[in-house]
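Engineer: Task: produce atomic coordinates for the following.
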Amino acid sequence: MQQMTQPTTLKTVKREWHLVDVKDQTLGRIASKIAQYLMGKNKPYFVRNLDCGDYVIVTNAKEIKITGKKEQQKVYYRYSGYPGGLTIESYDKMKARDPRFIIMHAVKGMLPQNRLRDKMLRRLKVFVGPEHRFAEKLKTKSDA
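Structural biologist: Next comes the predicted model:
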């Protein structure tokens, strides 16, 4: 008798917790690793049409590094929807104001642009310093 591969369903998805310390790491490289955890691409039963990713805790967001001249040249745009409502903020000012946004923005750009993206982003927890409030969740599994 032949053994058939079982299709992936939401009941078979097992979510784990990963701890990622971004101290002195490059923004783009670590953001792609975080995006893979959120999508679930590290699992053998990954399918694109289901949200089978894990929870990711990011610590030390204020100590993220970027390469080249991006510290002087990179800008973030916001538009309120009103005439004249375009706000442009440089990387330096954004890092001083909210370093969590820098990582969230980079990871959001690396996730698929579909209905599952918001669900995946809800499982991303970013903290400015080394301490976080999910220590009891990480006792099962930790990954860096």
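Engineer: Helices along this structure, start to end?
Structural biologist: Shown for the chain, the helices assigned by DSSP state H span residues 27-39, 70-73, 91-97, 99-110, 117-122, 135-138.
Engineer: now what about the second one, what contacts it?
Structural biologist: In other words, helix 70-73. With contact meaning Cβ atoms under 8 Å, 6 or more residues apart in numbering, helix 70-73 is reached by 90-92. (C-beta placed from N, C-alpha, C; glycine too.)
Engineer: and Arg123, what is it in contact with?
Structural biologist: Applying Cβ under 8 Å, 6+ apart, the residues near Arg123 are 15, 38, 53-56.
Engineer: Flag every buried residue along the least confident helix or strand in the chain by mean pLDDT.
Structural biologist: Taking mean pLDDT, DSSP states H and E as the measure, the helix or strand of the chain with the lowest value is helix 135-138, at a mean of 86. The neighbour-count check on helix 135-138 (16 or more other Cβ atoms under 10 Å) flags 137-138 as buried.
Engineer: if we can go back for a sec, any chance of TSV for the helices of the chain, columns distance to Val128?
Structural biologist: Shown next, in TSV, are the helices of the chain (distance: least, Cβ to Cβ, whole Å):
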stretch	distance to Val128
helix 27-39	15
helix 70-73	18
helix 91-97	10
helix 99-110	6
helix 117-122	18
helix 135-138	17
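Engineer: and among those, the most buried is which?
Structural biologist: Of the helices of the chain, the one with the most neighbours on average (mean count of other Cβ atoms under 10 Å) is helix 27-39, at a mean of 20.
Engineer: tell me what that one is packed against?
Structural biologist: Contacts defined by 3 or more Cβ pairs under 8 Å, 6 or more residues apart in numbering; DSSP states H and E place helix 27-39 against strand 17-21, strand 55-59, helix 99-110, helix 117-122.
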